[in-house]
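Engineer: model the structure of this input:
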Amino acid sequence: MSSSQHALLISDKVGVYITGDVKLEGHTQIRRELSKQSVYEAAGGWAGFSEYGLEPRSIGITRIENGVTNKWEVGFDQMSRGKWKDFLFQENDYIVVHILY
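Structural biologist: Predicted coordinates for the structure are as follows:
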């Protein structure tokens, strides 16, 4: 593997904090693209906290940049469309996988 290929693999993931309906809470690596699959992999799967066994349908993302806090709510069905299609996770984003009841 060339050093440029290695650098590309490293930059494909960032460190984030993840919580909510997840099996692996805390600091973890996630692929940068905003997708249900990247969240699922980083979470180690869904924990199944819903009383009815339903999967989560959305996430909340909090990002602090230059002292400014931005928060977004994104449904899994919205992730590759519209304003979200070019969104990338950044280092130290805080992700909450929402539990349905």
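Engineer: the chain: helices as residue ranges?
Structural biologist: 3-11, 36-43 (DSSP state H).
Engineer: worst mean pLDDT among the ones you listed?
Structural biologist: Mean pLDDT is lowest for helix 3-11 among these, at a mean of 52.
Engineer: show me where this protein dips below the pLDDT cut-off.
Structural biologist: 1-10, 100-101 (pLDDT under 70).
Engineer: switch to 80 and redo it
Structural biologist: For the chain, applying pLDDT under 80 flags the ranges 1-11, 49-53, 99-101.
Engineer: give me the most central residue, it.
Structural biologist: Val39 (4.2 Å; Cα atoms, centre = their mean).
Engineer: Ile61 bridge partners, please.
Structural biologist: Under DSSP bridges, the beta-bridge partners of Ile61 are Trp72, Ile95.
Engineer: neighbours of it, just the number please.
Structural biologist: Per other Cβ atoms under 10 Å, the neighbour tally for Ile61 reads 19. In short, each C-beta sits where N, CA and C put it, glycine included.
Engineer: one step back: the residue nearest to the centre of the chain is in contact with Ile30, isn't it?
Structural biologist: Yes. Val39 is in contact with Ile30 according to Cβ atoms under 8 Å; the separation is 7.1 Å.
Engineer: Arg57: how many residues sit nearby?
Structural biologist: 13.
Engineer: would you confirm that it contacts Glu73?
Structural biologist: No. Taking contacts as Cβ under 8 Å, Arg57 lies outside contact range of Glu73: 10.7 Å.
Engineer: just the strands in the protein please.
Structural biologist: 13-20, 26-31, 58-65, 68-75, 94-97 (DSSP state E).
Engineer: name the stretch among those that sits most buried.
Structural biologist: strand 94-97 (a mean of 20; mean count of other Cβ atoms under 10 Å).
Engineer: outside of that strand, which residues touch it?
Structural biologist: 16-22, 30, 39, 42-43, 46, 56, 59-63, 89 (Cβ atoms under 8 Å, 6 or more residues apart in numbering).
Engineer: and Arg63, how close does it get to Asn92?
Structural biologist: 8 Å (Cβ to Cβ, to the nearest Å).
Engineer: got the strands of the chain as JSON lines, with distance to Gly82 columns?
Structural biologist: Shown next, in JSON lines, are these (distance: least, Cβ to Cβ, whole Å):
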{"stretch": "strand 13-20", "distance to Gly82": "22"}
{"stretch": "strand 26-31", "distance to Gly82": "20"}
{"stretch": "strand 58-65", "distance to Gly82": "15"}
{"stretch": "strand 68-75", "distance to Gly82": "10"}
{"stretch": "strand 94-97", "distance to Gly82": "20"}
